[in-house]
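Enquirer: Sequence and predicted structure, then a few things I'm wondering about:
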Amino acid sequence: MYDYKCNKCGAYLDPGEHCDCQSKKEELEELRYMEAEEHEDEWEERYVRSVS
Ligand SMILES: [Zn+2]
């Protein structure tokens, strides 16, 4: 029986498998950052439209 576990989240892994919980977290933060940028553009667009 294997005893491979992620030392971050405790998920059971195959031998040599790397848990993706860390990369998932990074992806989420990247997504949030991109969303924030998108909303910033939206606001700018609305501002330009309301002014002109
Ligand atoms: Zn993990």
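Expert: Happy to help now that I have it.

Enquirer: From now on I want contacts and neighbour counts done on CA atoms only, so please keep to that.
Expert: Fine.

Enquirer: Please, which helix or strand holds residue 42?
Expert: Using DSSP states H and E, residue 42 maps to helix 21-51.

Enquirer: pLDDT weak spots in this protein?
Expert: 1-2, 52 (pLDDT under 70).

Enquirer: Would you mind listing what in it touches the ion?
Expert: 6, 8, 9, 19, 21 (C-alpha under 5 Å from the ion).

Enquirer: how deep is the third one tucked in, by neighbour count?
Expert: The local packing count at residue 9 equals 11, with neighbours defined by other C-alpha atoms under 10 Å.

Enquirer: for the first one, same thing?
Expert: For residue 6, the neighbour count with other C-alpha under 10 Å is 15.

Enquirer: Pull the contacting residues for it.
Expert: 12, 13, 18, 19 (C-alpha atoms under 8 Å, 6 or more residues apart in numbering).

Enquirer: ditto for the second one
Expert: Under the criterion of C-alpha under 8 Å, 6+ apart, the contact partners of residue 8 comprise 21, 22.

Enquirer: ok, now the fourth one?
Expert: Contacts here follow C-alpha under 8 Å, 6+ apart; on that basis residue 19 touches 6, 11, 13.

Enquirer: if you set the cut-off to 7 Å instead, what comes out?
Expert: By C-alpha atoms under 7 Å, 6 or more residues apart in numbering, the residues touching residue 19 are 6, 13.
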